[in-house]
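A.B. asks: Provide a 3D model corresponding to the input given below.
(one chain, ligands or ions: 2)
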Amino acid sequence: MTTSKSTHHIARKIVIKLGGSTLEGLNPAFFQKILALQQEGYKVIITHGGGPAINRTLATNNVASHVINGIRVTTAEAIDLVKTTLIGQVNPFLVQQLNAAGIQAVGLNGFDGHLLASTFLDEATYGYVGHIKKVNTELLDALLTANIVPVIACIGAARNGQALNINGDTVASEVALATKAESLLLVTDVSGIRIEGEYQSEVTEVAINEWIAEGHIYGGMIPKVQGALACLAAGIPAVQIVDDTLDGTKISARHTHNSHTI
Ligand SMILES: Nc1ncnc2c1ncn2[C@@H]1O[C@H](COP(=O)(O)OP(=O)(O)O)[C@@H](O)[C@H]1O
Ligand SMILES: CC(=O)N[C@@H](CCC(=O)OP(=O)(O)O)C(=O)O
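C.D. replies: Ligands and ions are numbered 1, 2, ... in the order given. Below you'll find the predicted structure:
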């Protein structure tokens, strides 16, 4: 087939999500790993959060917020601050670092080319929080074909132009699903899932659900494992929660033999 070479090439996609907790001091080794992945033929898509930066902006503006299971309840007052922080500060800061490291990167958010067409997740509970309806994968593929790394801020766009706050882990898993990525890496400030002081090299869905119920997995780790499980269930072969040297926990598909690690 005449198109198989380029189709095959574009099929090797990897989505890397950078947690806000990592963004302010990324290890130089991280950029080298991205370059190495590109040299291996991977097309890299980066998504990012920015929780700590958002917390600072909200505090400076005396806007209170709280989080339910890792999802920030976002008021009308908060959404504008979330949007300007992610799109105006965090995203260009990351794009600049990637470009400086020799990785051609372009910053995007949900409004750009209808990248993340969204609706309210549950307005009564979460306020201005989005649920992604459609990812513009054509736009991402066009950038990837041109060897550009899309760097996506986790702001969704509602049809009426309203910005919606979306958890960074959710954006990463939705983008990985929509683009049929080969691999999803959720980069955070811990080297994977830690249970009673021990990092787990590989975990299963059954174990994850037990640990959430027991409170061993909580807060910001919850949207990560939920996004990871959704990706695995949809057939994305490799999902990992890692630190910025890409070392961490591999999440495995649902079959298990009642053990926490296999
Ligand atoms: N079982 C767990 N193992 C490791 N970290 C966990 C666990 N449960 C909850 N966490 C918390 O999740 C945090 C990572 O989530 P979060 O702060 O939202 O990071 P990010 O900004 O990278 O998305 C860790 O720093 C830790 O405090
Ligand atoms: C709806 C929701 O929870 N939005 C997140 C978006 C940023 C984020 O996810 O940042 P991290 O990757 O650092 O956790 C928030 O407001 O904090």
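A.B. asks: and Ser118, helix, strand or coil?
C.D. replies: strand (DSSP: H, G, I helix; E, B strand; the rest coil).
A.B. asks: Show me where the stretch 151-262 of the chain has its strands.
C.D. replies: Using DSSP state E, counting those that start in this stretch, the strands of the stretch 151-262 of the chain run over 155-157, 163-165, 183-187, 194-195, 198-199, 202-203, 238-242, 248-251.
A.B. asks: could you say what helices and strands the second one packs with?
C.D. replies: Right, the one you point to is strand 163-165. Judged by 3 or more Cβ pairs under 8 Å, 6 or more residues apart in numbering; DSSP states H and E, the packing partners of strand 163-165 are helix 76-83, strand 116-120, strand 155-157. For the C-beta atoms, the positions are set from N, CA and C on the backbone; glycine is no exception.
A.B. asks: I'd like these laid out as a markdown table, including mean pLDDT, mean neighbour count and distance to ligand 2.
C.D. replies: Putting the helices and strands packed on strand 163-165 into a markdown table (pLDDT from 0 to 100; neighbours: other Cβ atoms under 10 Å; distance: least, Cβ to the nearest ligand atom, whole Å) gives the following:
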| stretch | mean pLDDT | mean neighbour count | distance to ligand 2 |
| --- | --- | --- | --- |
| helix 76-83 | 98 | 18 | 5 |
| strand 116-120 | 98 | 21 | 11 |
| strand 155-157 | 98 | 25 | 9 |
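A.B. asks: To ligand 1, which of those lies closest?
C.D. replies: Each of the helices and strands packed on strand 163-165 was scored for nearness to ligand 1 using Cβ to the nearest ligand atom, and the closest is helix 76-83 (14.0 Å).
A.B. asks: Next, the buried residues of the helix or strand following the closest one.
C.D. replies: Next in sequence after helix 76-83, counting helices and strands by DSSP states H and E, comes helix 91-100. Neighbour-count burial for helix 91-100, counted by 16 or more other Cβ atoms under 10 Å, picks out 91, 94-95, 97-98.
A.B. asks: Which residues of the chain lie near ligand 1?
C.D. replies: 19-22, 49, 51, 168, 188-190, 193-195, 216-221 (Cβ under 6 Å from any ligand atom).
A.B. asks: how far does stretch 129-141 sit from the chain's center?
C.D. replies: Distance of stretch 129-141 from its chain centroid, counting by Cα atoms, centre = their mean, to the nearest Å, is 13 Å.
A.B. asks: next one: stretch 180-196
C.D. replies: Here stretch 180-196 is found 10 Å from its chain centre; the criterion is Cα atoms, centre = their mean.
A.B. asks: Ok, stretch 74-91 next?
C.D. replies: Relative to the chain's own centre, stretch 74-91 is displaced by 17 Å; criterion: Cα atoms, centre = their mean.
A.B. asks: The stretch 51-200 of the chain against ligand 2: which residues are in contact?
C.D. replies: Residues of the stretch 51-200 of the chain lying close to ligand 2 (Cβ under 6 Å from any ligand atom) are 51, 54, 71-72, 82, 129, 154, 165-168.
A.B. asks: nearest to ligand 1, of the buried residues of helix 91-100?
C.D. replies: Leu94 (13.1 Å).
A.B. asks: does ligand 2 sit close to stretch 18-29?
C.D. replies: Yes: counting by Cβ under 6 Å from any ligand atom, ligand 2 has neighbours in stretch 18-29: 19-21.
A.B. asks: Which single residue in this structure comes nearest to ligand 2?
C.D. replies: When scored by Cβ to the nearest ligand atom, the chain has Gly49 as its residue closest to ligand 2, at 1.8 Å.
A.B. asks: For that residue, grab the count of nearby residues.
C.D. replies: Gly49 has 30 neighbours, counted by other Cβ atoms under 10 Å.
A.B. asks: and what of the one 4 residues further on?
C.D. replies: Counted with other Cβ under 10 Å, the burial measure for Ala53 works out to 18 neighbours.
A.B. asks: do the same with Lys134
C.D. replies: Residue neighbour count, defined by other Cβ under 10 Å, stands at 12 for Lys134.
A.B. asks: gap between it and Phe30?
C.D. replies: Lys134 sits 30 Å away from Phe30, going by Cβ to Cβ, to the nearest Å.
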